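Asker: when you get a sec, could you give me coordinates for this:
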Amino acid sequence: MELDALMLSRIQFGFTISFHIIFPAITIGLASYLAVLEACWLRTANVIYRDLYHFWIKIFAVNFGMGVVSGVVMAYQFGTNWSAFSDFAGSITGPLLAYEVLTAFFLEAGFLGVMLFGWKRVGPGLHFFSTVMVALGTLISATWILASNSWMHTPQGYEIVNNQVIPVDWFAVILNPSFPYRLIHMTLAAYLATALMVAASAGWHLLRGNDNPAVRKMLSMAMWMLLFVAPLQAVVGDFHGLNTLEHQPAKIAAIEGHWENKPGEAVPLTLIGWPDMEEERTRFAVNVPHLGSLILTHSWRGQFKGLKEFAPEDRPNSLVVFWTFRIMVGLGLLMIALALWGAVARWRGTLYAQRGLHRFALCMGASGLVAILAGWYTTEIGRQPWIIHGLMRTADAVTPHNAAEVGLTLVLFIIVYFILFGAGIVYILRLIRTGPLRHEPQEGGPGEHRTPARPLSAAEHSKANQERG
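Answerer: Model prediction:
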């Protein structure tokens, strides 16, 4: 692997998106969670929901800010590092990103201030409406971003004129074949990642003896979400895999480490192994007979294309996507196991007493984000060598910089990102460590006097109140 401008540009984009993708994912999940909490507070007047809302909105605010900053940096890279791609496909990707700004970002920005600082300034109906609009904005944002990215995987609704992609059917562009599966899969992943973070926070406090109604409610709500969404995600993932097999068969072959079919034989599922791109085989493979056919063709002896049926220059790196996919699936199975354990503990009445369950939840706290990253790497690396599948190769999309220029900016990105976002993540963890307040200075709903939300001083404020309590 030569570290030329192309490879360094890919590494730089992969590095920046690895930081960026975790913040919108948590933003999507927390925004919906906050809307549910406020709805429950307004309906029941139970102060637990209000206190949880004020606790998680501080974390949401910091996370939202880091998501915006990291997203702006990524947008600039289309011009600085991938100008040939922008020139070729900008007439499609440009409007889709503009639609995201005009619909989602403006919606979020318009109501975010009311959501963060309007608790004592506006009525309950308007404040709840603002929270719902911010949550809706995060989902709309994900819709446009995934429409653009999905089109790059399964392009439709275009013509090529003068070596540029021209849209001829916007409905076909947006509703491309992989878009529905990818949108649902990513949205559920965001909800899972958020539920796991909430459950880990509750588990941490319970293990430290901070057993109070708010912490219990956090754990209960997170476990309900896991119980319903984790198995559903597995089903959606299956449909997404079948769609990928239809439109990107080389990606599936690389994911499975599948090189060739033998006449009349079923395809086994390779649990573990070491795909060797040079020798064109998967070394040290541990196979389960027929299971590959059953999962990917839903038949006992079905076959699908092996990597040897594709030209060597058209094959994704099987070693990378083979393992990133298994990391994602393995974590998904652990999420289902956690959800089932929580369901059994709830049924037995020991949900808040089983320290083993709380430790498991704590250990799984970051697993949703790790699974998102692993899934994203599988999707994007599995698309290679295409930046737009079947239309434009990644090597043809890069800006003709020299390696020294890209390498210097990559080093600067690494330094700045670890300092800036590292500090932000530490601060979020500090906020989570304080836990929700048992009692606030003034008990009231929207429109009634209370201490305003202050995300940047929340940790100290919460700690001081806990000490007074």
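
Asker: can you map out the strands along this structure?
Answerer: 158-161, 164-167, 269-276, 281-288, 386-388, 392-393 (DSSP state E).

Asker: now the ones you listed as CSV including mean pLDDT?
Answerer: Output for the strands of the chain, formatted as CSV (pLDDT from 0 to 100):
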stretch, mean pLDDT
strand 158-161, 91
strand 164-167, 91
strand 269-276, 90
strand 281-288, 89
strand 386-388, 92
strand 392-393, 91
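
Asker: how about the ones you listed, which one is nearest residue 195?
Answerer: Among the strands of the chain, strand 269-276 comes nearest to residue 195, with 27.6 Å by C-beta to C-beta. Every residue, glycine included, has its C-beta placed from N, CA and C.

Asker: could you pull out the buried residues of the closest one?
Answerer: 269-270, 273, 275 (16 or more other C-beta atoms under 10 Å).

Asker: ok, so of these, who is nearest residue 66?
Answerer: Out of these, the member with the shortest distance to residue 66 (by C-beta to C-beta) is residue 275, at 35.6 Å.

Asker: contacts for stretch 149-165?
Answerer: With C-beta atoms under 8 Å, 6 or more residues apart in numbering as the test, stretch 149-165 has contacts from 87-89, 91-93, 96, 166-174, 176-179, 182-183, 247-248, 379, 383, 387-391.

Asker: ok, residue 173 to residue 60 distance?
Answerer: Distance of residue 173 to residue 60, computed by C-beta to C-beta, to the nearest Å: 32 Å.

Asker: look at the two and report which has more neighbours.
Answerer: The residue with more neighbours, out of residue 173 and residue 60, is residue 60; 28 against 23, by other C-beta atoms under 10 Å.

Asker: who are the contact partners of the closest residue to the more buried one other than its chain neighbours?
Answerer: Spatial nearest neighbour of residue 60, excluding adjacent residues (C-beta to C-beta, 6 or more residues apart in numbering): residue 30 at 4.4 Å. Neighbour list for residue 30: 56, 59-60, 63, 194 [criterion: C-beta under 8 Å, 6+ apart].

Asker: make a PyMOL selection of the buried ones in the contacts of stretch 149-165.
Answerer: Applying 16+ other C-beta under 10 Å to the contacts of stretch 149-165 leaves a buried subset, and the PyMOL line that selects it is:
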select buried, resi 88+89+92+93+96+167+173+174+176+177+178+179+182+183+247+248+379+383+387+388+389
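
Asker: report the rounded mean pLDDT for stretch 94-105.
Answerer: Throughout stretch 94-105, pLDDT has a mean value of 87.

Asker: sorry, back to before: per-residue confidence for the residue nearest to residue 60?
Answerer: 93.

Asker: ok so, going back, nearest to residue 206, out of the strands of the chain?
Answerer: Short answer: strand 269-276, nearest of these by C-beta to C-beta, at 34.9 Å.

Asker: what's near enough to touch the residue nearest to residue 67 when sequence neighbours are not counted?
Answerer: Spatially, and ignoring its direct neighbours in sequence, residue 67 is nearest to residue 23 (3.4 Å; C-beta to C-beta, 6+ apart). Counting by C-beta under 8 Å, 6+ apart, residue 23 touches 63-64, 66-67, 70.

Asker: which one of these sits closest to residue 207?
Answerer: The closest of those, once distances to residue 207 are taken by C-beta to C-beta, is residue 63, at 23.9 Å.

Asker: would you confirm that that closest one contacts residue 25?
Answerer: No. Using C-beta atoms under 8 Å, residue 63 is not in contact with residue 25; the gap is 9.5 Å.

Asker: which two from the buried residues of strand 269-276 end up farthest apart in space?
Answerer: Counting by C-beta to C-beta, the most remote pair of the buried residues of strand 269-276 is 269 and 275, 14.1 Å apart.

Asker: what is the rounded mean pLDDT of stretch 120-134?
Answerer: pLDDT averaged over stretch 120-134 gives 90.

Asker: please apply the same query to stretch 294-313.
Answerer: In the prediction, stretch 294-313 has an average pLDDT of 88.

Asker: which other residues reach it?
Answerer: 238, 241-242, 245, 249-250, 252-254, 256, 258-261, 264-267, 269, 280, 290, 293, 315, 318, 385.

Asker: mind doing that once more with 6 Å?
Answerer: By C-beta atoms under 6 Å, 6 or more residues apart in numbering, the list of residues contacting stretch 294-313 from outside reads 245, 249-250, 253, 258-261, 266-267, 290, 293, 315.

Asker: farthest-separated two in those residues?
Answerer: It's 290 and 315 that sit farthest apart of the contacts of stretch 294-313, by C-beta to C-beta, at 25.0 Å.

Asker: redo the buried residues of strand 269-276 as JSON lines? Include distance to residue 351.
Answerer: Listed next are these as JSON lines, based on distance: C-beta to C-beta, whole Å:
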{"residue": "269", "distance to residue 351": "35"}
{"residue": "270", "distance to residue 351": "38"}
{"residue": "273", "distance to residue 351": "39"}
{"residue": "275", "distance to residue 351": "42"}
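
Asker: just give me the closest of those residues to residue 399.
Answerer: Looking across those and measuring by C-beta to C-beta, the closest to residue 399 is residue 275, at 31.2 Å.
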